[in-house]
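# here is my input; please provide its structure:
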Amino acid sequence: MNKLLFFLSIVTAASAATLEQTLAAMDISSATFKAMSAKVQWVSHQGVVNVDNTDSGTIALRRSKPGEMIMLIELTDPDKKSVMLSGKKLELYFPKIQTVQEYDVGKNRQTLEQFLLLGFGSSGKDLAEGYKIQLLGEETVEGQPAAHLELTPKSADVLKHLRKAELWIAAKGAHPVRQKLYFPAGDYSLVSYSEVKINPPLAGSALSIKLPRGVKREFPQK
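Presented below is the predicted three-dimensional model:
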């Protein structure tokens, strides 16, 4: 029994050290994080009907300074659509119907950013302040070793919208290569990133939706 307890104490200490090292690496990475680009695959699971919808495309974002971020997601398969978040404005462009829907996310901007980009530019300290974190192990994701973390929100308000999250943090670069967000009613989003580039040069055109003339603009909130 003493040997078993000794073995378990070694395993627990090793896991804690690995988690500590992962969060410390994220601290270092976040200090220089300004931008990223990647290919993305987005699986949205609807729990009530047990249906998965899968989209793929690219993502690019630039964070010029704390609190200021521009993000563009260009989904190309199976249907083309664009999502752009800039300041308090969220735009959804649907080329098939030549329509842009514009939303004012207001005070919900930071929450939306967190759900969309959890782990990118986040320090380990930030994550530890907002979540209870557990190390689930180490796995190979997108061809590279990654630490698999489970995050449970500490805030009761956040728990109303997000039950828990899982992050796979790449050993090299300390950025997410996969995110899984669990929502109420059994829904979840599984987002996988490949060909991730940290701090690439992004021109203004790389972070803007290319709209043809005559596009209809709608304001669903009004």
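
# bridged to the closest residue to Asp77 other than its chain neighbours, which residues?
In space, Asp77 comes closest to Ser56 once its chain neighbours are excluded; the distance is 4.8 Å by Cβ to Cβ, 6 or more residues apart in numbering. Glycine gets a C-beta too; all of them are placed from N, C-alpha and C. Ser56 has these beta-bridge partners by DSSP bridges: Gln41, Asp77.

# settle this for me: Ser56 is touching Lys39, isn't it.
Yes - counting by Cβ atoms under 8 Å, Ser56 touches Lys39, with 7.4 Å between them.

# which residues does Glu142 contact?
By Cβ atoms under 8 Å, 6 or more residues apart in numbering, the contact set of Glu142 is Val177, Arg178, Ser192, Tyr193, Ser194.

# one more time with 7 Å, if that's ok
Applying Cβ atoms under 7 Å, 6 or more residues apart in numbering to Glu142 gives the contacts Val177, Ser192, Ser194.

# for PyMOL, what selects the buried ones among the residues you listed?
PyMOL command restricting the contacts of Glu142 to the buried ones, with burial defined by 16 or more other Cβ atoms under 10 Å:
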select buried, resi 177+192
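
# buried residues in stretch 126-141, which are they?
By neighbour count on 16+ other Cβ under 10 Å, the buried set for stretch 126-141 is Asp126, Leu127, Ala128, Gly130, Tyr131, Ile133, Leu135, Glu138, Val141.

# list the contacts of Val40.
Contacts of Val40 (Cβ under 7 Å, 6+ apart): Ser56, Gly57, Thr58, Ile59, Ile73, Val191, Tyr193.

# setting aside sequence neighbours, what's the nearest residue to Asp126?
Closest residue to Asp126 in three dimensions, ignoring its sequence neighbours and counting by Cβ to Cβ, 6+ apart: Ser30, at 7.5 Å.

# and Ser122, by the same measure?
Nearest to Ser122 is Ser30, by Cβ to Cβ, 6+ apart, at 6.1 Å.

# what sits against Thr152?
Listed by Cβ under 7 Å, 6+ apart, the contact set of Thr152 reads Tyr131, Lys132, Lys164.

# beta partners for it?
Going by DSSP bridges, Thr152 is paired in beta bridges with Lys132.

# dump the residue contacts of the spatially most central residue of the chain.
For the chain, Leu117 is the residue whose C-alpha lies nearest the centre (Cα atoms, centre = their mean; 2.9 Å). Residues near Leu117 by Cβ under 7 Å, 6+ apart: Leu61, Met71.

# so, low pLDDT: which residues of this structure?
1-17, 65-67, 110, 114-115 (pLDDT under 70).

# how about the helices in it?
Applying DSSP state H to the chain gives helices spanning 2-32, 109-117, 124-130, 156-159.

# OK, contacts around the closest residue to Glu195 other than its chain neighbours?
Distance criterion Cβ to Cβ, 6+ apart; nearest residue to Glu195, sequence neighbours excluded, is Lys39 at 5.0 Å. Counting by Cβ under 7 Å, 6+ apart, Lys39 makes contact with Thr58, Ser194, Glu195.
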